[in-house]
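# sequence unknown, structure follows:
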């Protein structure tokens with residue numbers, strides 16, 4: 001989805017800029033998970049404050065914490081309450097005491113510690129930026145990362161390089177050993193069962209925390225894809241603005257061989273994105289596999305989040321800003337395929353984009369399935385949903401090439 005979006009930004013009245021060089025590449029942000037949030041004292045605690053200094057601009061964002069429907073039905077994974085998942089703001093550090101950081105302004109939101117709050121240091125550049133290599137950020141690891149955020153007075157020149165968070169968002173489900181038994185007449189339809197002998201394909205990660213004992217099977221994890229069920233069902237793709245595609249079913253060669261029940265579509269978060277929240281792309285659900293040793297059952301990661309504040313962005317037609325979901329492996333061998341990751345989110349608080357750079361938050365394709373003999377066709381992975389490219393100006397720029405396509409099944 002490409003659209004206009006107004007940022008919710010809290011800026012201090014006193015500005016401080018680093019004297020860092022204007023040629024940058026690699027990773028420029030620092031990340032810390034927030035262990036304690038204190039609204040009353042405008043402060044947070046982190047494991048280490050070493051990466052932060054008084055005067056630093058920081059992004060505070062809650063990554064998860066949504067509540068989903070746990071009903072054992074096709075409603076499983078429906079988002080009942082977002083809580084503060086996707087809420088964010090910019091703050092400036094005014095004091096550091098040990099590992100406690102204090103901020104100049106009151107918080108806009110009452111963030112929830114259980115929802116994986118993180119603090120991201122946002123470097124500021126006074127005289128513009130020129131990329132000398134790929135600019136990226138730390139991959140999401142379950143507690144921090146998944147974000148690139150920079151602020152630039154002047155021009156951000158991409159040159160021939162890119163800013164990318166492709167595949168660094170919510171994680172796809174890992175492949176797990178699962179049994180191969182099945183009931184020929186009635187395929188198994190579990191929505192949540194991790195402990196089952198035969199239905200252990202993991203769901204993809206999303207904005208709802210995993211529920212202990214319910215991390216597997218076909219029900220989606222909010223915007224995380226559902227896992228493929230026994231036998232050799234495909235996992236579904238992750239979601240962001242666009243819905244993640246359902247996994248493919250195994251086609252039986254006869255009435256006396258195993259079929260499957262595939263991972264269900266993951267959930268779009270379009271209504272809350274329209275209300276100013278931001279999300280990483282959801283991870284795909286794993287494909288069901290009872291003969292491990294191949295990579296295709298594993299599903300793929302979604303794209304991360306990119307925040308850019310600048311006066312102008314320029315670059316060549318070979319340069320770009322990317323937060324795509326990862327695509328599945330080229331084949332799985334007689335196993336269910338993993339789902340593709342959803343496209344991430346790119347927010348550009350930019351006055352001008354003066355060249356035809358490429359900007360993309362596409363969903364990744366699901367894993368293709370290479371079937372070998374026997375007439376039993378295993379289920380492929382579902383495609384990841386498209387992500388978001390948002391601008392804070394009054395119109396969408398016409399110079400860049402913008403894509404937020406869904407991934408293919």
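It's in. Predicted model only: the values in this text are computed from it and were never measured.
# all helices of the stretch 151-300 of the chain, in order?
Taking DSSP state H, counting those that start in this stretch, the helices of the stretch 151-300 of the chain run over residues 270-274.
# tell me the strands in it, going along the chain?
Listed in chain order, the strands of the stretch 151-300 of the chain (DSSP state E, counting those that start in this stretch) span 155-157, 162-164.
# And the stretch 1-150 of the chain, by the same measure?
2-4, 23-27, 30-38, 43-46, 57-62, 67-68, 79-81, 88-97, 100-103, 117-122, 124-125, 129-136, 147-152.
# Next, format the strands of the stretch 151-300 of the chain as CSV and append mean pLDDT, mean neighbour count and distance to residue 99.
Using the backbone N, CA and C atoms, a C-beta is placed for each residue, glycine as well. Formatted as CSV, the strands of the stretch 151-300 of the chain follow (pLDDT from 0 to 100; neighbours: other Cβ atoms under 10 Å; distance: least, Cβ to Cβ, whole Å):
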stretch, mean pLDDT, mean neighbour count, distance to residue 99
strand 155-157, 97, 22, 33
strand 162-164, 98, 23, 30
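# mind checking pLDDT for residue 230?
Here the pLDDT value assigned to residue 230 is 87.
# how about the closest residue to residue 115 other than its chain neighbours, what does it touch?
Nearest non-adjacent residue to residue 115, counting by Cβ to Cβ, 6 or more residues apart in numbering: residue 65, 2.3 Å away. Shown here is residue 65, whose contacts under the criterion Cβ atoms under 8 Å, 6 or more residues apart in numbering are 82, 83, 84, 85, 112, 114, 115, 116, 207, 208, 209.
# For residue 213, see how far away residue 65 is.
19 Å (Cβ to Cβ, to the nearest Å).
# now residue 95
Distance of residue 95 to residue 213, computed by Cβ to Cβ: 43 Å.
# cool, and residue 354?
Distance of residue 354 to residue 213, computed by Cβ to Cβ: 53 Å.
# Between these two, point out the one with more neighbours.
residue 354 (14 against 10; other Cβ atoms under 10 Å).
# Could you verify my assumption that that one touches residue 315?
No - using Cβ atoms under 8 Å, residue 354 makes no contact with residue 315, being 9.1 Å away.
# Can you tell me the number of residues neighbouring residue 330?
Look at residue 330: counted by other Cβ under 10 Å, it has 10 neighbours.
# In a helix, it, correct?
No - Residue 330 is assigned coil when assessed by DSSP: H, G, I helix; E, B strand; the rest coil, not a helix.
# Provide a list of residues in contact with the closest residue to it other than its chain neighbours.
Excluding its sequence neighbours, the residue lying closest to residue 330 (Cβ to Cβ, 6+ apart) is residue 368, at 5.8 Å. Applying Cβ under 8 Å, 6+ apart to residue 368 gives the contacts 296, 328, 329, 330, 331, 332, 337, 380.
# Just the buried ones from those residues?
296, 328, 329, 331, 332, 337, 380 (16 or more other Cβ atoms under 10 Å).
# among these, which two are most distant?
Farthest pair in these (Cβ to Cβ) is 329 and 380. Separation: 11.0 Å.
# so what's in contact with those two at the same time?
337, 367, 368.
# Of those, which belong to helices?
Of the shared contacts of residue 329 and residue 380, none are assigned to helices by DSSP state H.
# which regions of this protein sit below the pLDDT cut-off?
By pLDDT under 70, the low-scoring segments of the chain are 1-21, 183-188, 292-295, 373-375.
# which residues touch residue 85?
Applying Cβ under 8 Å, 6+ apart, one finds that residue 85 lies in contact with 62, 63, 64, 65, 66, 115, 207, 208, 277, 279.
# Could you double-check that the third one lies in contact with residue 209?
Yes - under the criterion of Cβ under 8 Å, residue 64 lies in contact with residue 209, with a separation of 5.4 Å.
# Looking at these two, which is more packed in?
Using other Cβ under 10 Å as the criterion, residue 64 and residue 209 rank with residue 64 on top: 25 against 20.
# which non-adjacent residue is nearest that one?
Spatial nearest neighbour of residue 64, excluding adjacent residues (Cβ to Cβ, 6+ apart): residue 116 at 4.5 Å.
# Check the gap between that neighbour and residue 205 for me.
11 Å.
# Now do the shared contacts for these two.
residue 142.
# higher neighbour count, those two?
It is residue 205, of residue 116 and residue 205, that has more neighbours when counted by other Cβ under 10 Å, with 33 against 21.
# quick one, what contacts that one?
Contacts for residue 205 (Cβ under 8 Å, 6+ apart) come out as 142, 170, 171, 172, 173, 221, 224, 282, 283.
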